[in-house]
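Asks: Provide a 3D model corresponding to the input given below.
(one chain, ligands or ions: 1)
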Amino acid sequence: MELTIRSAIYLAIAIIAITAAVTKIARGRRRTSDLACNRPPPPVVNCFALLGLLPTLFRNDLPAMMHQLYIKFGSVFTISVVGLLKVTFLVGPEVSAHFFQGLESEISHGNLFEFSVPMFGKEVGHGVDDATRNEHSRFVVDALKPTRLKIHVDPMVQEVENYFAKWGQHGTIDLKYELERLLLLITGRCILGKEVMTMFDEVCKQFREIENGVNLTSFFFPYSPVIPSNHRRDRAREKLHSIFSDIVRSRKLRQRDQVDKDVLQSLIDSRYKDGRPTTEAEVSGLIISLLFAAKHTSTHTSVWTGARLLTHDKFLAAAVAEQDHVVKKHSATTDGRIIDHYSFLMDMNMLHNCIKEALRLHPPAPMMVRQAQKQFIVRTREGDEYCVPAGHTIASPIVINNHMPYIYKDAHLYDPDRFGPGREEDKVGGKFSYTSFGGGRNSCVGEGYAYMQIKAIWSHLLGNFELRLLSPFPKTDWSKLVPEPQGEVMVSYKRRQLPTT
Ligand code: HEM
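Replies: Reported below is the predicted structural model:
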């Protein structure tokens, strides 16, 4: 999953010759509709400005680079790679509505995600038409809706308790390593199905090969037979498909009351509007794509939440105090046992805001992209109007959106209270002020699930252990497709005298 910004630029230059022909044809076709627009196009980042970005670019500092451009060009601007490849950036909630809410015929993923077809299979995602993809989204939404989360919560909490029961009285661990392993176990149990637990290492190994298939060369040439990682990715996908197809087949032979109510089963039970059931290949493809969407996002957020809490005593103390309070409130017995884990986790507003704030400062998806299928007009906060032509790639930089100074007070500071009663800063600029989970039509369907599992982990850690961050506060490793805390995140732990859960 190595994808450095520097190598991106080199490769982008290398492929210009190829994209030139395609872009010229596309622009030629669209010229008629573009003629009707009577607003100017967005300001274009010129060569001098791009050269000025080079030092930041070589430091791989994406937020600094975006910030520099925002300060100089405002909330709507276009980067043009010698006039052939045009990316228009929309910064801030005022200019983001079309990005998130425009019709599929106006703004869509286009072919930007073609590279994901050989990862998950041609039966799902960007391998199928819009109507089928919408039906698949419905299946996933159903599998992750609150009534289903109430079913997933007990196995989730069980995995968390089993995992930390293996820790000693005190010790030192790498938080990144520990939380990644734990989240994989939770995913195995609640999403993939417990059958995979017997071949868990093999599933993880094959999944890693699929992830390693995401690189710049495969992005531009996803089907090229001469790229070795493409070969390994395809072999791994076939193996995973075979593993999941076997599980689906065996589940279909079992009585309904003998199968688990995990996400895999929801997808097996899903029906298209015409009554048709999902196929083995569709279920396998959907489950692999869910693993991809859930794994790094949740792991990195859990680690950032920990790193932030362990360096902010005030919020750590508030989160621990909340634990004591909600445990008392939800304990069915004097030994502090919780019966309704769903309500228990839902009641942790402070912890929720601590995670939300970690996500504001460290969004796992720092930039979202679409393709403009039709030209559209954006109006900035200052009242300027621009016409963005069809054919442009449109980018929404979450990494800057989450830092707007007129929305977030002292935006660079970790301050979970900004989401609390009386402040609610994320509501100030309307519904696109906080976009760590995206927004509108394509927003994250796993948000509730993600919060639930991260809360289950941190609720247990805060209630049962005293923790101390030994490493310096981690820098962000921007060289990864999903940016992550750089290096090991070493933490010491000591079991509290009286475990609360
Ligand atoms: C902290 C954790 C997570 C973050 C920050 C996150 C963030 C996002 C974002 C920003 C998008 C929108 C991408 C776009 O519009 O281009 C997205 C989409 C998606 N996420 Fe998440 N995600 C997280 C966890 C999860 C989990 C746990 C699951 C599944 C269990 C999941 C499933 C999905 C799916 C299926 C989509 C595609 C939705 C669609 O296109 O209709 N995510 N996520």
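
Asks: for the rest of this, base every contact and every neighbour count on C-alpha atoms.
Replies: Fine.

Asks: what are the buried residues along stretch 342-355?
Replies: Along stretch 342-355, these residues count as buried under the neighbour rule (16 or more other CA atoms under 10 Å): 342, 344, 345, 347, 348, 350, 351, 352, 353, 354, 355.

Asks: any chance of those residues in a markdown table, plus secondary structure and distance to residue 82?
Replies: Shown next, in a markdown table, are those (DSSP: H, G, I helix; E, B strand; the rest coil; distance: CA to CA, whole Å):
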| residue | secondary structure | distance to residue 82 |
| --- | --- | --- |
| 342 | helix | 54 |
| 344 | helix | 56 |
| 345 | helix | 52 |
| 347 | coil | 53 |
| 348 | coil | 51 |
| 350 | helix | 49 |
| 351 | helix | 47 |
| 352 | helix | 45 |
| 353 | helix | 44 |
| 354 | helix | 43 |
| 355 | helix | 41 |
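
Asks: these: which two are farthest apart?
Replies: The largest separation in those, counting by CA to CA, is between 342 and 354 at 18.5 Å.

Asks: quick one: low-confidence parts of the stretch 351-500 of the chain?
Replies: Using pLDDT under 70 as the threshold, the predicted model of the stretch 351-500 of the chain has low-confidence ranges 498-500.

Asks: residue ranges for the strands of this protein, please.
Replies: 44-45, 76-81, 85-90, 107-108, 170-174, 368-372, 376-379, 385-388, 393-396, 465-469, 476-477, 484-485, 490-495 (DSSP state E).

Asks: select, out of those, the one closest to the ligand.
Replies: With CA to the nearest ligand atom, the closest approach to the ligand among the strands of the chain belongs to strand 368-372: 4.8 Å.

Asks: start to end distance for stretch 434-454?
Replies: Using CA to CA, to the nearest Å, the span of stretch 434-454 from its first residue to its last is 19 Å.

Asks: buried residues, it. List them.
Replies: 434-440, 444-447, 449-454.

Asks: same question, stretch 208-216
Replies: Counting neighbours by 16+ other CA under 10 Å, one finds that the buried residues in stretch 208-216 are 209, 210, 211, 212, 213, 214, 215, 216.

Asks: does the fourth one touch residue 233 like I think?
Replies: The one in question is residue 212. Yes. The pair residue 212 and residue 233 passes the contact test of CA atoms under 8 Å, sitting 7.3 Å apart.

Asks: follow-up on the earlier one: need the max-distance pair from the buried residues of stretch 208-216.
Replies: Distances among the buried residues of stretch 208-216 were taken as CA to CA; the most separated pair is 209 and 216, at 15.1 Å.

Asks: now the strands of the chain in TSV, please, with extra columns for mean neighbour count and distance to the ligand.
Replies: As requested, the strands of the chain are exported to TSV (neighbours: other CA atoms under 10 Å; distance: least, CA to the nearest ligand atom, whole Å):
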stretch	mean neighbour count	distance to the ligand
strand 44-45	16	24
strand 76-81	21	19
strand 85-90	22	14
strand 107-108	22	10
strand 170-174	15	20
strand 368-372	21	5
strand 376-379	18	19
strand 385-388	20	19
strand 393-396	22	9
strand 465-469	19	21
strand 476-477	16	15
strand 484-485	22	12
strand 490-495	18	21
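
Asks: tell me the buried residues in stretch 214-226?
Replies: 214, 215, 216, 217, 218, 220, 222, 223.

Asks: by pLDDT, give me the weakest of these.
Replies: Of all the buried residues of stretch 214-226, the one the model is least sure of by pLDDT is residue 216, with 79.

Asks: quick one: which of the strands of the chain is nearest residue 56?
Replies: Evaluated with CA to CA, the strands of the chain place strand 476-477 nearest to residue 56, the distance being 14.3 Å.

Asks: quick one: strands adjacent to that closest one?
Replies: For strand 476-477, the paired strands and their directions (DSSP bridges) are strand 484-485 (antiparallel).

Asks: quick one: contacts for residue 159?
Replies: Contacts were defined as CA atoms under 8 Å, 6 or more residues apart in numbering; by that measure residue 159 touches 182, 185, 186.

Asks: which of the residues you listed lies closest to residue 363?
Replies: Ranking these by separation from residue 363, with CA to CA as the measure, puts residue 182 on top at 20.8 Å.

Asks: if I look at that closest one, how far off is the ligand?
Replies: Relative to the ligand, residue 182 is positioned 14 Å away (CA to the nearest ligand atom, to the nearest Å).

Asks: picking up where we left off before, out of the contacts of residue 159, who's the most crowded?
Replies: The residue in the contacts of residue 159 with the most neighbours, by other CA atoms under 10 Å, is residue 186 (23 neighbours).

Asks: alright, I will stop here.
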